[in-house]
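1. how does the following fold in three dimensions:
(2 chains)
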Amino acid sequence: MAKFRKEGKKEVPQVSTSSLPDIVYMLIFFFMITTTMRDVELKVKSSPLPKATEIQKLEHKALVSSIYIGAPRDSKLGTESRIQLDDSFATPADIADWIQKERDSRNPADIPLLTTALKVHKDTRMGVVTDVKQELRKVGAFRINYTTLKGSALEN
Amino acid sequence: MARKTPEINSSSQADIAFLLLCYVDYGITRRLPPPVEQNDEDVKVKERNVMNVMVNKSDRLLVNGRPSDISMLKDLAKEFMTPRPGDETAPEVETKTFNEGIGDILVSKGVISLQNDRGTSYAMYISVQNELARAFNEMKEELAQKTWHKSLDQLSEDQTKALNEAVPVRVSEAEPVDYKK
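-> Have a look, this model is predicted:
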């Protein structure tokens, strides 16, 4: 009796995607654990960064190295703006070696794409920033990014 | 027979998780010029082709020697870079040909020269860079609308390339001067 024949029994059941979020969460936890190991401890106050509107996304994070500039967090060290490379205070003279080290740790084909992100506190004087830029020019690290917040530049 | 509770569709949860994975920084990207050779002679640029933007140590803005305000800088820069053939005080112009349907257009030979003091604040410097970038982006937007009736973010890769050649960001930072006291 056709009336009672159950329909759709021969259909292939949909593939369950319910485990996909679990896989992605596993990825997230993996990245969370690995990134914390590389994280730098900030010794200078680089925020608040200045604001700007004409900004681009900073892509390929693996090809970005950051230089932090600002007053030391530890107030015993004074209020003069200092440069931080990796985990320690530095002077403009250290930048050439640091760039070389950053290049050595990357694939040689990626070297022209390396970008230096300048994370600079908005109250920093330009003198120290200019010194850093001059050093970067000397070693041929021409791609730079002034990391900023989103917002009207007229409010800076 | 008791009805089964329908399963909650969880396929979008994966997308949410992917969103969490993505985390980006934003900023103004610039290309530094290569270092200048010591013996190189200065390239002379005609005075009418240069707009001098100076910021002093107390963050005051001077445009061509006259005090100005950051809120006016974008319009001043745009006005300076807009080709005005026949005007002797404006920068020289030349006709150039570009791809992707832009065709022959007048291009200004003007250069915006940016000079800051060592005492200028970084916030002011970024504001100036941002306003100058905004002037060029607006000029690009106008040309994109005129040529393709599209806004900047709708252009194809080739169109963006042609547009960047037609409206180059002509901002030059002056070599830092070492003031020996």
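
2. check contacts around the residue in chain A positioned nearest to chain B.
-> Relative to chain B, the nearest point of chain A is A:Gly127 (3.2 Å; Cβ to the nearest Cβ). Just so you know, the C-beta spots here come from the backbone N, C-alpha and C atoms, and that holds for glycine as well. When contacts are counted by Cβ atoms under 8 Å, 6 or more residues apart in numbering or on different chains, A:Gly127 touches B:118-119.

3. got a pLDDT number for residue 120?
-> If you meant another chain, say so; for now it's chain A. On pLDDT, A:Val120 comes in at 92.

4. wrong one, I was asking about chain B
-> Per the predicted model, pLDDT is 90 at B:Thr120.

5. how about the backbone phi and psi for the closest residue to it other than its chain neighbours?
-> In space, B:Thr120 comes closest to A:Met126 once its chain neighbours are excluded; the distance is 4.3 Å by Cβ to Cβ, 6 or more residues apart in numbering or on different chains. Backbone torsions of A:Met126, given as degrees, to the nearest 10, read phi -70, psi -20.

6. low-confidence ranges in chain A?
-> Chain A contains residues with pLDDT under 70 at A:1-9, A:35-40.

7. circling back: report the buried residues of the helix or strand where the residue of chain A closest to chain B lies.
-> Using DSSP states H and E, A:Gly127 falls within helix A:126-138. The neighbour-count check on helix A:126-138 (16 or more other Cβ atoms under 10 Å in any protein chain shown) flags A:126-133, A:135-137 as buried.

8. B:Asp87: which of those residues is nearest?
-> Closest approach to B:Asp87 among the buried residues of helix A:126-138 (Cβ to Cβ): A:Met126, at 33.9 Å.

9. quick one: that closest one from A:Met32, how far?
-> 37 Å (Cβ to Cβ, to the nearest Å).

10. for chain B, give me the ranges with low pLDDT.
-> B:1-2, B:8, B:10-11, B:20-25, B:36-44, B:176-181.

11. middle-most residue in it, spatially?
-> B:Ala133 (2.7 Å; Cα atoms, centre = their mean).

12. how about the nearest residue to that residue once chain neighbours are set aside, what does it touch?
-> With sequence-adjacent residues excluded and distances taken as Cβ to Cβ, 6+ apart, B:Ala133 is closest to A:Glu54, at 3.8 Å. Contacts for A:Glu54 (Cβ under 8 Å, 6+ apart) come out as B:28, B:130, B:133-134, B:137.

13. A:Gln100 looks like it's in a helix, true?
-> Yes - with DSSP: H, G, I helix; E, B strand; the rest coil as the criterion, A:Gln100 is assigned to a helix.

14. so it touches A:Val139, yeah?
-> Yes - here A:Gln100 lies in contact with A:Val139, judged by Cβ atoms under 8 Å, at a distance of 7.3 Å.

15. neighbour-wise, which of these two wins?
-> Of the pair A:Gln100 and A:Val139, A:Val139 is the one with more neighbours under other Cβ atoms under 10 Å in any protein chain shown, namely 15 against 12.

16. scan the contacts of A:Glu54 and report the most crowded one.
-> B:Asn130 (26 neighbours).

17. what lies in contact with the longest strand seen in chain A?
-> Criterion DSSP state E: the longest strand present in chain A is strand A:64-72. Residues outside strand A:64-72 that contact it (Cβ under 8 Å, 6+ apart): A:40, A:42-47, A:58, A:78-85, A:89, A:95, A:98-99, A:102, A:114-121, A:124, A:128-129, A:132, A:145, A:147, B:25, B:122.

18. picking up where we left off before, gap between the residue nearest to B:Thr120 and B:Gly119?
-> For A:Met126, the distance to B:Gly119 - Cβ to Cβ - is 7 Å.

19. hmm, back to that, I'd say the residue nearest to B:Thr120 and B:Tyr122 touch.
-> Yes - applying Cβ under 8 Å, one finds A:Met126 in contact with B:Tyr122, separated by 6.2 Å.

20. tell me the secondary structure of B:Ser71, please.
-> Assignment for B:Ser71 (three-state DSSP): helix.

21. and for it, the neighbour number?
-> B:Ser71 - counted by other Cβ under 10 Å - has 12 other residues nearby.

22. quick check: closest non-adjacent residue to it.
-> A:Leu154 (5.8 Å).

23. which ones are touching whatever residue of chain B ends up closest to chain A?
-> At 3.2 Å from chain A, B:Arg118 is the closest residue in chain B, using Cβ to the nearest Cβ. By Cβ under 8 Å, 6+ apart, the residues touching B:Arg118 are A:125-127, A:130, B:57, B:176.

24. how about 6 Å then?
-> A:126-127 (Cβ atoms under 6 Å, 6 or more residues apart in numbering or on different chains).

25. and it, its phi and psi?
-> The phi/psi pair for B:Arg118 (degrees, to the nearest 10) is phi -70, psi -20.

26. hmm, back to that, so where does the residue nearest to the centre of chain B fall, helix or strand?
-> helix B:122-148.
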